[in-house]
Structures are given as structure tokens and as C-alpha cells.
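S.K.: I'll drop the sequence and a predicted model, then ask my questions.
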Number of protein chains: 2
Amino acid sequence: MKKIINKPMDVVGEALRGMELAHPELLYTPGYEVISRKEKADKVAVISGGGAGHEPAHAGYVGKGMLDAAVSGNVFSSPSPDRIGDAINRMNSGKGILLIIKNYSGDIMNFGLASDLAEAEDIEVESVVVKDDVAVPDSTYSTGRRGIAGTVFVHKIAGAKAELGGNLKEVKAAAEKAIANIRSMGMAMSPCVLPAVGKPGFVLEDNEIEIGMGIHGEPGVERTRVKTAKETAGILLEKILEDYDYTGSEVAVLVNGLGGTPLMELYILNMEVQKLLEEKNIRAYKTLVGNYMTALDMTGCSLTLMKLDDELKELLDAPCDTPALKIR
Amino acid sequence: MKKIINKPMDVVGEALRGMELAHPELLYTPGYEVISRKEKADKVAVISGGGAGHEPAHAGYVGKGMLDAAVSGNVFSSPSPDRIGDAINRMNSGKGILLIIKNYSGDIMNFGLASDLAEAEDIEVESVVVKDDVAVPDSTYSTGRRGIAGTVFVHKIAGAKAELGGNLKEVKAAAEKAIANIRSMGMAMSPCVLPAVGKPGFVLEDNEIEIGMGIHGEPGVERTRVKTAKETAGILLEKILEDYDYTGSEVAVLVNGLGGTPLMELYILNMEVQKLLEEKNIRAYKTLVGNYMTALDMTGCSLTLMKLDDELKELLDAPCDTPALKIR
């Protein structure tokens, strides 16, 4: 295994500590594996998290205009309720908490338990669940669709609404609107290696890719030969459009890398995506290209679209200042 | 070869077009492979560039507070003088041009020729050469030390000085000061695959890494077994400190990924780097962690330090707004 790590069991805490050292505006709470803003703001707190291994998600989205805190589990493993509870207590200003949960069984259970415990202490908590991945109806990790890169847009929209002073009901409604209008689809070219395992979780042949693979290496819909960027864009977009008709809409676009794919390739894919969008009369209002929601060192990509209305545009354009996304 | 590309010969132009589509504030000039600001500003123009394959470098640093234009060659191949000339003519406001060149033989020759041609047309052009890599005294690609990730700091410093209204002499002096105070050292864990070649340029065994490898896969100083993050930080920093004594200084730190290494590992490395800096009484004033100067899909990293004085701090902190670096 070739990784820049020390002991496999220490990777999460050490990465978060290394992140805090690079971003002194953030606070790392060891043991609870929470990255939070240093001070709680007098507003609805937006909290997310999940297994580690998806860097910069989720801690990279903590900061003004996005998340108040991100809670990390072990690699590809949900954070425990006590960790989530620490983030809730730490950021609770009395205006309520919105939890943004990716749809994986472990996250649903643990964020749910943490929410119940907080409500028992009279903290108002609401939750939204992101299930943007159109690849498979159910998966080994989830009942129903998985939550993947589209979650970053939900962080942005909910975070902006909270920063602008929305109350808990309004922040939740904005997040729900985003979720309803987001679809994603991905593909993998090579597996990732979990630090604690030391070898790939599956094998893809030299000329083989897997369409629809999840961000933990969960099975997708088809193994096939290596495709061109143009073919890849077509496959991903077609699967998305089968599920949600974006024709005639304005959209936000996210061309996301899975961690091991260089930016050059993501930009080439974006060129092909934008050509196809234009052909289909879908207008790209804003486009993000880069490693936003990864799977350790997996190579591959995902495509996410979010249909925009005036409110979502305003919230998408609102300033944010986080390690992984800055909009001014 | 598993890459998200179309034809290998088209990767550079397609990636730059895909970048322009994601960053409509920038202008891509096909044929010349120049990414520039849309309008020239009434100030010294700062221009850089080099071979492609180092994304986000160099086009990712075009924008307010950094570069006015970046010129791209083919993958790992210097841009021709006519391309560089296009960037010079495009951004020339009459206040002069500073070229920031990484020390590779092809770049030195082509940027030099372009500079001569521009001066023949009465455009005032000055150049600085970055040679921050302490790994090897000469290399297969260069006479003298190679220019690597530290170049990003030179873009920042020179770009800020120009944006603040410095004249050509002052902008060049700021860049020279940065260069004199920057040292970098890297290591590679796996080779990169050039699109036009389709297979790795060299082989590293499963448990083998190469210390001091260049960003084109040029030989380093030693092949050795896989190291821990702590050992890696120690090796890179020791080699840097042998060359330049940063003890007692304030520094900017860049923990750079080579393209295929996930952010989690870079943050872990940063934790170890910061521990060592503290032990050695070197104060990290600002730290960047991420993929800033890559080598396609190579896995590995580099460490860069820049000693700061009040002027360099002010220029480092000055706002910039580019695809790959935003400071407010």
C-alpha cells in the first residue's frame, strides 16, 4: 500500500488535525472528530458529516456561508451519535439545527439518534436526506438512492439560507428544494484502497470501467470498456435525464473527481458535458470542476445537475468562505 | 490507459476549453493555448506558463491578484515563442511585462525568444526564473535546479505587487525576493502516464518510492521503501534545511499533491510538517495544502517553504481571485 500515512487507525484524526493547522479559522475537536467554526453564530446551525475518505467533504465545507460543523466517522463509516451530538451542542445558538445527511443506512441511524437525543434536551433539530445518485435504486450501503456529490450543493444552499438569517423552517425548505432538483451519476476507472485494508476492494481490468459505482466502491450498473470523454459525458447525462428532465432549465453543474483523477481530465469531461447541455437546451448557470466529493484515491468522476430558480440562484451566488469552496 | 480524454493529441486544448466554460471570467485563445483575463488592466502584466500536465498550474492562477495570462505547451513540453508572444501582446498595457519562467531548458529558450521578439517591438519585458527544487543540482530537463511548486508563491507575490500598482522594476524585485527565499523538495510514489504515450514512463515497485523526483518524472536522488508520513515530512524538510536555514523565520508553507494523491494524505503530511517546523522554531504564517502543481496522475507530494518579511507577508495576504487560489 502506497499512502502518505502513519498508522491506518490514525488517518482520520491526523488528517483533521492537519486540516486545522492549514485553516486556523476552524476548530478541530479530537475524539469527536468534529471540524467547526471557532464561534457559533446567532443563526440556524447547519451540520453535516459522514464517513471519512471523501475529502474535502465534509470538513472542507465548514465556514461562513456553508456548514457550521462537519462530523467525521472512520473511513467510509458513519460517525457515532455522540460525535454528532458534540457538533450539535457546540453550534447550537438556540435558533435550531439542520442536519444534512447523505442517504446511507449508518448515517440515517446515527444522525437520527443524535437528533432524538438533542430534542430530548429541547434543542430544535430538523434533518434532510440527500439521495441524488440515480445509478441504482438501492445499494449495499443504503435503502433507496445513495447520497453523493450533489450533497455539496445542498451544503451551499442551506448554508447560504442560514447565513442570510432564514429560520429553521426556511433553511430546511431551501435544502429540500435543492435536493428535489439535484441528480448525480458517476463512474469509476480504478478502485480505492482503504488504509486499514491495504489492498483494493475490487478489481477492474486494464480496459474496464464501472458505470454507476458508489463513492465507497459499491456496485454500479455496468462494467464496460474504457470510454472517451465524449462517451462518458453522454452516458452520465443520459442516465440523469432519464430520471429528471432538465430540458429548458438553468442548472448548476458539478463535474466531480473521485480523488485520483487529475484536473486536466475533469476539464476535458466538462467541455463535453457543456456541449451536450447546450444541445439539449439546458443552460449552465454556474459550473464547478474539481475534487469535491471523493473516494480516497479512486479514479473516476461524477456529474451533478441542480435545476435553479431565482431563490436557488441567489443562494448559490451568496458568498461563502470555506477551505474547499469560496464564492464572493 | 485509463483516462477521461478523447484523442491524446487534443487533451491540452480541450482541457483549456473546459476550463474556460467553468470560468467564464477567463478567456481561452485556441491555437495559442493562452488563458487570460478578459480585459487587460492598466498595470504591469504578469505572465507565466509551461508544459501542460501540471493542472491547475498555470492557467488556474490567472485572475485578479495573480497572473494576467498563462501560456500552455503540449503535455510536459514548453510553449512555442509565438504562443508566448500572443499572451504578451494580448496583455500589454504599456506598463511592461514580467515573465515568470520555471527553470527548464525549453522554457528558458522559448520564453527568452518571445521576450526578445517583444522587445524588438518596443514592449518592455523582464523575466524571472524559478529554480526552487533542491533535489538535484542539474536534471535531464534543466541546467541548474528545476522550478516546481514554489512557482505558485512567485505567481502570488508578483501578481499582488502588480495589482497594487508596482512598476515593472518593483514587480520584478518582489518576484526575485520571493524566489531567493523559496525552496521545495518532493517525492513520488507512482509514475504518471502521458496521454500520448499510454504507459508509465518508469516503474516503481509496490513498496518503493523515489525521493526528489521531478514533476515530469525526471530522476530524483534515491529510491527507497515506502515511508510513513512522519518520515516523509522529515526527509523533505531536512533536504530543504540543508540548503537554506529557515530556523527562527516566519514562512509560507505549501504541501502540494502531484495529482493522484488524495487530500486526506496531504493533510496528514501537513500535520507532520507543522510539528517539525515547530520543533525547529520555524513559524508557519500561512499554509496551503492541495494539488497546486501536479504531474498528471502521479502520486506523491512536494513541500515548499518561503521565508517571509513584512513585504512578502503583505503581498501573500493581498486578495486574489483565481480558479485555483482565492484569498480575500
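M.R.: Nice, thanks for sending it over.

S.K.: Give the burial count for the residue of the stretch 1-150 of chain A found nearest chain B, as a bare number.
M.R.: Chain B sits closest to A:G18 of the stretch 1-150 of chain A, with a gap of 3.5 Å, by C-beta to the nearest C-beta. Every C-beta, even on glycine, is put in place using the N, C-alpha and C of the backbone. By other C-beta atoms under 10 Å in any protein chain shown, the residues close to A:G18 number 28.

S.K.: Between its first and last residues, how far does stretch A:311-323 reach?
M.R.: 25 Å (C-alpha to C-alpha, to the nearest Å).

S.K.: Any buried residues in it, and which?
M.R.: By neighbour count on 16 or more other C-beta atoms under 10 Å in any protein chain shown, the buried set for stretch A:311-323 is A:312, A:315-316, A:318, A:320, A:322-323.

S.K.: got the residues of the stretch 51-200 of chain A near chain B?
M.R.: A:52-53, A:55-56, A:60, A:189-190 (C-beta under 8 Å from any C-beta of the partner chain).

S.K.: Name only those of the residues you listed that count as buried.
M.R.: Of those, these count as buried by 16+ other C-beta under 10 Å: A:52-53, A:55-56, A:60, A:189-190.

S.K.: Same list (these) but as JSON lines, adding distance to A:H155, secondary structure and pLDDT.
M.R.: Listed next are those as JSON lines, based on distance: C-beta to C-beta, whole Å; DSSP: H, G, I helix; E, B strand; the rest coil; pLDDT from 0 to 100:
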{"residue": "A:A52", "distance to A:H155": "17", "secondary structure": "strand", "pLDDT": "98"}
{"residue": "A:G53", "distance to A:H155": "17", "secondary structure": "coil", "pLDDT": "98"}
{"residue": "A:E55", "distance to A:H155": "14", "secondary structure": "coil", "pLDDT": "98"}
{"residue": "A:P56", "distance to A:H155": "11", "secondary structure": "coil", "pLDDT": "98"}
{"residue": "A:G60", "distance to A:H155": "10", "secondary structure": "helix", "pLDDT": "98"}
{"residue": "A:M189", "distance to A:H155": "27", "secondary structure": "strand", "pLDDT": "96"}
{"residue": "A:S190", "distance to A:H155": "27", "secondary structure": "strand", "pLDDT": "94"}
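
S.K.: so what are the domain limits for chain A?
M.R.: A:12-180, A:182-316 (the TED database).

S.K.: and the shortest one, how far from the chain's centre?
M.R.: Meaning domain A:182-316. 13 Å (C-alpha atoms, centre = their mean, to the nearest Å).

S.K.: Tell me which of the domains of chain A lies nearest to B:N89.
M.R.: domain A:182-316 (25.4 Å; C-beta to C-beta).

S.K.: State whether the residue of the stretch 1-150 of chain A closest to chain B and B:T287 are indeed in contact, as I suppose.
M.R.: No - applying C-beta atoms under 8 Å as the test, A:G18 and B:T287 come out as separate, 9.2 Å apart.

S.K.: what is in contact with those two at once?
M.R.: B:270, B:274 (C-beta atoms under 8 Å, 6 or more residues apart in numbering or on different chains).

S.K.: returning to that earlier point: name the nearest of the buried residues of stretch A:311-323 relative to chain B.
M.R.: The closest of the buried residues of stretch A:311-323, once distances to chain B are taken by C-beta to the nearest C-beta, is A:P323, at 8.5 Å.

S.K.: Nearest residue to that closest one in space, ignoring adjacent ones along the chain?
M.R.: A:G60 (4.6 Å; C-beta to C-beta, 6 or more residues apart in numbering or on different chains).

S.K.: dump the residue contacts of that neighbour.
M.R.: A:19, A:322-325, B:263.

S.K.: hang on, isn't A:E14 packed against B:V273?
M.R.: No - with contact defined as C-beta under 8 Å, A:E14 does not reach B:V273; the gap is 11.8 Å.

S.K.: Between those two, tell me which one has more neighbours.
M.R.: B:V273 (30 against 22).

S.K.: returning to that earlier point: keep only those of the buried residues of stretch A:311-323 that are in helices.
M.R.: Using DSSP state H, the members of these that fall within helices are A:312, A:315-316.

S.K.: list the contacts for the nearest residue to A:P56 once chain neighbours are set aside?
M.R.: Leaving out its chain neighbours, the residue that sits closest to A:P56 by C-beta to C-beta, 6+ apart is A:A324, at 3.6 Å. Counting by C-beta under 8 Å, 6+ apart, A:A324 makes contact with A:56-57, A:60-61, A:292.

S.K.: rerun at 6 Å
M.R.: A:56, A:60-61 (C-beta atoms under 6 Å, 6 or more residues apart in numbering or on different chains).

S.K.: Same question for A:Y244.
M.R.: Contacts of A:Y244 (C-beta under 6 Å, 6+ apart): A:R183.

S.K.: how close does it get to B:Y246?
M.R.: Remark: distance between A:Y244 and B:Y246 (C-beta to C-beta, to the nearest Å) = 54 Å.

S.K.: The nearest residue to A:I182 once chain neighbours are set aside: neighbouring residues, count only.
M.R.: The shortest distance from A:I182 to any non-neighbouring residue, by C-beta to C-beta, 6+ apart, is to A:G150 (3.9 Å). Neighbourhood size, A:G150 [other C-beta under 10 Å]: 29.

S.K.: again, but for A:A173
M.R.: Taking other C-beta under 10 Å as the definition, A:A173 ends up with a neighbour count of 17.

S.K.: what's the strand or helix carrying it in contact with?
M.R.: For A:A173, the element it lies in under DSSP states H and E is helix A:168-180. With C-beta under 6 Å, 6+ apart as the test, helix A:168-180 has contacts from A:44, A:96, A:98, A:126, A:128, A:130, A:153-154, A:157-158, A:161-162.

S.K.: just to revisit the earlier point, how would you label the residue of the stretch 1-150 of chain A closest to chain B: helix, strand or coil?
M.R.: helix (DSSP: H, G, I helix; E, B strand; the rest coil).

S.K.: That one contacts B:Y267, correct?
M.R.: Yes - the criterion here is C-beta atoms under 6 Å, and A:G18 meets it with B:Y267 at 3.5 Å.

S.K.: How about A:I123, nearest residue that isn't a chain neighbour?
M.R.: Nearest non-adjacent residue to A:I123 (C-beta to C-beta, 6+ apart): A:N92, at 5.3 Å.

S.K.: ditto for A:K286
M.R.: For A:K286, the spatially nearest residue (C-beta to C-beta, 6+ apart) is A:A252, at 5.0 Å.

S.K.: Identify the neighbouring strands of the helix or strand hosting the one you found in the sheet and state each direction.
M.R.: Assigned by DSSP H and E, A:A252 falls within strand A:250-257. Strand pairing for strand A:250-257, determined by DSSP bridges: strand A:283-290 (parallel), strand A:299-307 (antiparallel).

S.K.: So which of those strands is the most surrounded?
M.R.: Neighbour counts (mean count of other C-beta atoms under 10 Å in any protein chain shown) averaged over each of these peak at strand A:299-307, with a mean of 27.

S.K.: With only the CA atoms kept, save that one in PDB.
M.R.: Extracted C-alpha coordinates of strand A:299-307, given in PDB (Å, rounded to 0.1, in the frame of the first residue of the first chain):
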ATOM      1  CA  THR A 299     -10.100   7.300 -10.200                       C
ATOM      2  CA  GLY A 300     -13.300   8.300 -11.900                       C
ATOM      3  CA  CYS A 301     -15.800  11.100 -11.800                       C
ATOM      4  CA  SER A 302     -19.400  12.100 -11.300                       C
ATOM      5  CA  LEU A 303     -21.700  14.600 -12.900                       C
ATOM      6  CA  THR A 304     -24.300  16.500 -10.900                       C
ATOM      7  CA  LEU A 305     -27.000  18.900 -12.100                       C
ATOM      8  CA  MET A 306     -29.200  21.100  -9.900                       C
ATOM      9  CA  LYS A 307     -32.200  22.900 -11.500                       C
END
